[in-house]
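**Q** No sequence on hand, only this structure:
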């Protein structure tokens, strides 16, 4: 997960976010608390999507969960009763962040965390689905992750990410960082005296990143936009897609 210009100077001084090449900031939720997103998401979301039958397991997935604060807060936000048969799996490529998530997890029976790189081998995700007898995650969250995959793996990597998320999910809640965040990330990297992102200057997919993501998901991944929850305090759109 990531930051950009909004409050950028203060964040730079405190957390040096430019040093996190993959968005794996140590104290991410101190400058972008879960409430910034949850304030836009209705507590009735799972029921609204048709996942209210307690006799069936509902599987949630949080891509790039960092230290898990949002994963846990979202679970508490949308799961209204303790006996609900809802399980959330969060993963991040940073082992240290996942260790912190597991250590602080107040809901170990309902929320689990594992280290995983979404651009690599995702067999553990399929294993998780098989364990619960499901072919797809019912709701996948991909919040402020797309830019880091894009910067580190190029245009093809971004499109592969979106396609993979569509393959895994019945519903996908997507927050794509706007292009100004790309420029900020590159600027912070240079400020720290480090080389630029390998793909930054080669990227052909630029501009309105939410629009690009929607075009790919709807045009190539058999998904459709069903709702926009508006924009966060950092002016990023929260878009909900559904498998057709």
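**A** Yes, it's here. Bear in mind the structure is a predicted one, so any value in this text is a computation, not a measurement.

**Q** what about the helices in the protein?
**A** Secondary structure of the chain (DSSP state H): helices at 8-15, 28-31, 35-38, 45-48, 69-78, 95-104, 123-131, 146-168, 179-191, 209-220.

**Q** Include distance to residue 201 when you put those into JSON lines, please.
**A** Quick note: C-beta positions are derived from backbone N, CA and C, even for glycine. Formatted as JSON lines, the helices of the chain follow (distance: least, CB to CB, whole Å):
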{"stretch": "helix 8-15", "distance to residue 201": "21"}
{"stretch": "helix 28-31", "distance to residue 201": "26"}
{"stretch": "helix 35-38", "distance to residue 201": "31"}
{"stretch": "helix 45-48", "distance to residue 201": "39"}
{"stretch": "helix 69-78", "distance to residue 201": "32"}
{"stretch": "helix 95-104", "distance to residue 201": "29"}
{"stretch": "helix 123-131", "distance to residue 201": "32"}
{"stretch": "helix 146-168", "distance to residue 201": "11"}
{"stretch": "helix 179-191", "distance to residue 201": "9"}
{"stretch": "helix 209-220", "distance to residue 201": "17"}
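
**Q** and residue 232, which of those is closest to it?
**A** Closest to residue 232 of the helices of the chain is helix 35-38 (CB to CB; 5.2 Å).

**Q** mind listing what's buried in the closest one?
**A** For helix 35-38, a neighbour-count test (16 or more other CB atoms under 10 Å) marks 37-38 as buried.

**Q** From the centre of this structure, give me the residue that's furthest out.
**A** When each C-alpha in the chain is compared with the mean C-alpha position (CA atoms, centre = their mean), residue 193 comes out farthest, at 28.3 Å.

**Q** how close does it sit to residue 28?
**A** 23 Å (CB to CB, to the nearest Å).

**Q** which strand is the longest one in the protein?
**A** Across the chain, the longest stretch assigned as strand under DSSP state E is strand 223-231.

**Q** Counting by contacts, list what that one packs against.
**A** In this structure, strand 223-231 packs against helix 209-220, strand 237-243, with contacts taken as 3 or more CB pairs under 8 Å, 6 or more residues apart in numbering; DSSP states H and E.

**Q** Out of these, which is closest to residue 131?
**A** Nearest to residue 131 among those is strand 237-243 (21.1 Å), distances taken as CB to CB.

**Q** Pull the residues that contact the longest strand of the chain.
**A** With CB atoms under 8 Å, 6 or more residues apart in numbering as the test, strand 223-231 has contacts from 40-41, 166, 171-172, 214, 217-218, 237-244.

**Q** among those residues, which ones are buried?
**A** Among the contacts of strand 223-231, those scoring as buried are 40-41, 166, 171-172, 214, 217, 237-241 (criterion: 16+ other CB under 10 Å).

**Q** quick one: low-confidence parts of the chain?
**A** 1-19, 82 (pLDDT under 70).

**Q** Just want the most central residue of it.
**A** In the chain, the centroid-proximal residue (CA atoms, centre = their mean) is residue 142; its distance is 2.5 Å.

**Q** ok, the nearest residue in space to that one that is not next to it in sequence - contacts?
**A** Leaving out its chain neighbours, the residue that sits closest to residue 142 by CB to CB, 6 or more residues apart in numbering is residue 63, at 4.5 Å. Counting by CB under 8 Å, 6+ apart, residue 63 touches 91, 118, 140-143, 145, 165.
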